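> Need coordinates for the following:
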Amino acid sequence: MSKKGRILVAMSGGVDSSVAAVMLHEQGYEVIGLTMKTWDYATAGGSSKETGCCSLDSINDARALAVGYGFPHYILDIRNEFGDLVIDNFVDEYLAGRTPNPCVLCNTHIKWEALLKRADKLDCEFIATGHYANIRLQNNGRYVVSKGKDENKDQSYVLWGVSQANLSRTQFPLGSFAKSEIRQMAKDMGQSELAMKSESYEICFVPDNDYRAFLRNKVEDLDEKVGPGNFVLSNGNVVGKHLGYPYYTIGQRKGLKLAFGHPMFVTRILPESNTVMLGTIEELERTSALVRNLNLVKYASINEPFEAITKIRYKDAGAMSSIVQEGGNMKIDFHHAVSGIAPGQSAVFYEGNDLLGGGFLI
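Here you go, the predicted structure:
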């Protein structure tokens, strides 16, 4: 074993995880590459060519890179665990009128657990991923995740659920680099094709980025079971018919197929009556929120009001807020009204660049 130790690197076949693996290899770690097969495109109902981290091409790309640099590479099939938790939750959340956050659930309960179990079997002290984030051990003994250098690529938002025990064995080699620097590194490695690989911002298991078709494929006779319902304004007036409440999300403006002369948004979803509430941007705004399944990262508890930046979406700039813990929940009071608070999505709290923690919006 090398002086730096043995490390298991999650390799999707993309430029980020590939460069992360090579970077650690060149730093003197004994690298072992692992590609996780999380879903089966052939049974997902997509019409376009298979792409993304679970495609055969991506697996082959990861293996070819590992072979080229002389370190082992394994494939781990976790389709059953992924389907049982992430995909089933995705469907259940839409049927409950919420908007799911599958990447957070996958990181928290699937990928890290699968990586660490295999790391133990392979006698690896650490695991590493290609996430754009940083991690450090602070004086209070807690491991803190902070934003990556590249604000446009920062992925700390989807890491709020990773436990302290799992963070203690995790490395993020790309945290101090910009995406452009990583692409240049790939070119310098002689991997020009890898350097130019396009990125997908779609949910990995939803073919063609069409979650409505995915739901129809997963839930037998969904349209018959749910059926059309009413679009209703806050004053109770029915203004039209919708296709069924699972096909709409809080904050949605496009695809309503109604004309009001001014923008209208989905403000509430009521599954019990198959009702979709519509309103103006002002009616979409909220000044407070509550999150469940709270996981704290930087501090063990926040029992007094704490000034924090709260992000309610991955690409959200964040809003100043006062947060305080209420048992396993976190109460959020925003300094200014924010729009698009969607139950099921993640609210993530920051102190400067440091991740305080997060939870799922109620």
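> Please give me every residue in contact with the spatially most central residue of the chain.
Relative to the mean C-alpha position of the chain, the nearest C-alpha, by CA atoms, centre = their mean, is the one of C103, at 2.9 Å. C103 makes contact with V158, I203, according to CB atoms under 8 Å, 6 or more residues apart in numbering. Every residue, glycine included, has its C-beta placed from N, CA and C.
> you'd agree I75 is up against I59?
Yes - applying CB atoms under 8 Å, one finds I75 in contact with I59, separated by 6.2 Å.
> So which of the two has more stuff around it?
Ranked by neighbour count (other CB atoms under 10 Å), I75 and I59 place I59 first, with 19 against 13.
> Hmm, N274 and G227 touching each other?
Yes - counting by CB under 8 Å, G227 does reach N274; the two are 7.0 Å apart.
> More neighbours: which of those two?
Between G227 and N274, N274 has the larger neighbour count (other CB under 10 Å), namely 17 against 12.
> which residues in the stretch 101-250 of the chain form strands?
If DSSP state E, counting those that start in this stretch is used as the criterion, the strands of the stretch 101-250 of the chain fall at 126-128, 133-137, 143-147, 170-171, 229-233, 238-242.
> okay, those in TSV with mean neighbour count next?
Formatted as TSV, these follow (neighbours: other CB atoms under 10 Å):
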stretch	mean neighbour count
strand 126-128	22
strand 133-137	17
strand 143-147	21
strand 170-171	19
strand 229-233	19
strand 238-242	15
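> So which of those strands is nearest G327?
Among the strands of the stretch 101-250 of the chain, the nearest to G327 by CB to CB is strand 143-147 (23.3 Å).
> For S346, see how far away the residue nearest to the centre of the chain is.
C103 sits 9 Å away from S346 when distances are taken as CB to CB, to the nearest Å.
> same question, L56
Here the distance between L56 and S346 works out to 31 Å (CB to CB).
> Could you do N139 as well?
Taking CB to CB as the measure, N139 falls 28 Å from S346.
> Which one of L56 and S346 is surrounded by more residues?
Using other CB under 10 Å, the more surrounded residue of L56 and S346 is S346, with 23 against 11.
> And that one, how close does it get to A317?
As judged by CB to CB, S346 and A317 stand 15 Å apart.
> and what of S168?
Taking CB to CB, one finds S168 at 31 Å from A317.
> and T275, what are its phi and psi?
phi -110, psi 140 (degrees, to the nearest 10).
> contacting residues for it?
Shown in contact with T275 (CB under 8 Å, 6+ apart): G229, N230, V232, Y245, I269.
> what sits against the second one?
I take that to be N230. V238, G240, K241, H242, N274, T275, V276.
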